[in-house]
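A.B. asks: model this:
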Amino acid sequence: MKSIIEKSLSQSYSYTDYRSRIQSLLKEGKSTGNEQSEALTHYSELNETRMNRLEKTITIATENVQKLQSCQKEYIWLVISEGWCGDAAQILPVVYKMTQLSDKIDLKIVFRDENEALMNLFLTNGTKSIPKLIVLDKNTLEVLGDFGPRPNGATQLILDYKKQHGLIDEKAKTDLQLWYLHDKGVSTQKEIMELMTRLELE
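C.D. replies: Predicted coordinates for the structure are as follows:
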């Protein structure tokens with residue numbers, strides 16, 4: 001596992017570089033990832049708008065600011081993502097703002113399709129669901145925990161929808177985005193901070 005993580009880290013991006021790569025591809029009419037389609041490019045364009053808005057509007061709760069600023073251990077937050085992923089567009093700006101508050105946390109982002117071996121270590125019910133935040137010990141690269149692909153409330157919304165309708169369609173995706181809009185990043189912060197609080201106490 002460590003060699004896979006090291007390889008992924010060697011081809012990881014900062015948040016700014018991640019965003020720049022997506023924007024460069026969109027100028028060529030492309031999305032990130034192995035698969036190319038009009039739909040994926042369209043989702044990537046929507047996500048650009050979402051991320052720009054979230055970077056301006058997301059606030060980190062005061063208690064989380066204090067906890068992040070008082071981290072004692074050193075971590076790498078390694079996120080598996082793609083530009084077309086609607087969940088990633090909602091979660092990454094929150095994660096980025098959280099890491100900006102602590103000099104003990106380095107944020108690294110990798111693209112799923114370029115890091116298949118890493119993705120296969122962090123499947124969700126056998127699927128390559130993203131985003132996935134992997135918390136690493138900065139010094140040993142030991143995996144300490146992970147979060148994703150969605151906060152619990154968003155996961156439940158999709159499970160309930162699929163149970164009722166038998167599939168995930170555009171209406172489900174719209175409902176999911178509305179859930180994120182109303183949640184304002186609160187659940188993402190809460191669940192990541194529960195993990196970090198536990199790690200700090202170990």
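A.B. asks: from here on, contacts and neighbour counts on C-alpha atoms
C.D. replies: Will do.
A.B. asks: distance from whichever helix in the chain runs longest to the middle of the chain?
C.D. replies: Using DSSP state H, we find that the single longest helix of the chain is helix 38-57. Between the centre of helix 38-57 and the centre of its chain there are 14 Å (Cα atoms, centre = their mean, to the nearest Å).
A.B. asks: after that helix comes which helix or strand?
C.D. replies: Later in the chain than helix 38-57, the nearest helix or strand by DSSP states H and E is helix 62-69.
A.B. asks: what does that following helix contact?
C.D. replies: If you take Cα atoms under 8 Å, 6 or more residues apart in numbering as the criterion, helix 62-69 is touched by 98-99, 101-103, 189, 193, 197.
A.B. asks: these in helices, which ones?
C.D. replies: Among the contacts of helix 62-69, the residues falling in helices (DSSP H) are 98-99, 189, 193, 197.
A.B. asks: for the chain, what spans make up the strands?
C.D. replies: Secondary structure of the chain (DSSP state E): strands located at 75-81, 105-111, 132-137, 143-147.
A.B. asks: and the second one, how far from the chain's centre?
C.D. replies: Averaging C-alpha positions (Cα atoms, centre = their mean) puts strand 105-111 10 Å from its chain's average.
A.B. asks: what about the residue most central in space within the chain, distance to Lys173?
C.D. replies: Centrality entry for the chain: nearest residue to the mean C-alpha point is Pro131, 3.9 Å, by Cα atoms, centre = their mean. For Pro131, the distance to Lys173 (Cα to Cα, to the nearest Å) stands at 15 Å.
A.B. asks: and what of Leu118?
C.D. replies: Distance of Leu118 to Lys173, given as Cα to Cα: 26 Å.
A.B. asks: please name the residues that touch the nearest residue to Gly86 once chain neighbours are set aside.
C.D. replies: Leaving aside its chain neighbours, Gly86 sits nearest to Asn47 (6.4 Å; criterion: Cα to Cα, 6 or more residues apart in numbering). Residues in contact with Asn47 (Cα under 8 Å, 6+ apart) are 83-86, 89.
A.B. asks: of these, closest to Thr41?
C.D. replies: Trp84 (6.9 Å; Cα to Cα).
A.B. asks: what's the local residue count around that closest one?
C.D. replies: Number of residues near Trp84 (other Cα atoms under 10 Å) recorded here: 22.
A.B. asks: same check, this time on the one 5 residues further on
C.D. replies: Burial measure for Ala89: 25 neighbouring residues, criterion other Cα under 10 Å.
A.B. asks: distance of it from Arg50?
C.D. replies: According to Cα to Cα, Ala89 and Arg50 sit 7 Å apart.
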